[in-house]
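J.: The sequence and its predicted three-dimensional model are supplied below.
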Amino acid sequence: MEGRQGVRAANDRLEWVARNLGAKFVDPNSWIRDVDFGRDGLHLNRNGARQLGDLGSRVCGIDGESQKVMSN
């Protein structure tokens, strides 16, 4: 899957940048299973999008029930 190899290469570069800036980089592709991608093998299906959202919440320490985005 050529597209995902390109994403993997880009994530490697982003991880390097984050490390040099003292930031945490989480590669979502290491947490999302192959079955969570759509037919094209690059974009997430509905379950994959849910998995990515759950990962983001865990990494950021956000509980979807207790955190609300407030608008002005």
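T.: Yep, that arrived.
J.: can you give me the helices for the protein?
T.: All helices of the chain, identified by DSSP state H, fall at 2-21, 46-60.
J.: Help me confirm that Asn29 comes into contact with Gly3.
T.: No - counting by Cβ atoms under 8 Å, Asn29 stays clear of Gly3, with 11.5 Å between them. Every residue, glycine included, has its C-beta placed from N, CA and C.
J.: Deepest in the core, which of the helices of the chain is it.
T.: helix 46-60 (a mean of 13; mean count of other Cβ atoms under 10 Å).
J.: How far does that helix sit from its chain's centre?
T.: 7 Å (Cα atoms, centre = their mean, to the nearest Å).
J.: Repeat that for stretch 21-29.
T.: For stretch 21-29 - counting by Cα atoms, centre = their mean - the centre lies 10 Å from the chain centre.
J.: repeat for stretch 15-27
T.: 14 Å.
J.: for the protein, what are the low-confidence residue spans?
T.: 1-2, 63-72 (pLDDT under 70).
J.: Which residue would you name as the spatial centre of it?
T.: Pro28 (3.4 Å; Cα atoms, centre = their mean).
J.: for the closest residue to it other than its chain neighbours, what are its contacts?
T.: Using Cβ to Cβ, 6 or more residues apart in numbering and skipping the chain neighbours, the partner closest in space to Pro28 is Leu52 (5.5 Å). Neighbour list for Leu52: 28, 32, 44 [criterion: Cβ atoms under 8 Å, 6 or more residues apart in numbering].
J.: shouldn't Asp40 be in contact with Gly48?
T.: No - using Cβ under 8 Å, Asp40 makes no contact with Gly48, being 11.9 Å away.
J.: residues contacting Ile62?
T.: Gly56.
J.: Roughly how far does it sit from Gly6?
T.: For Ile62, the distance to Gly6 equals 29 Å [Cβ to Cβ, to the nearest Å].
J.: do the same with Phe37
T.: If you go by Cβ to Cβ, the gap between Phe37 and Gly6 works out to 14 Å.
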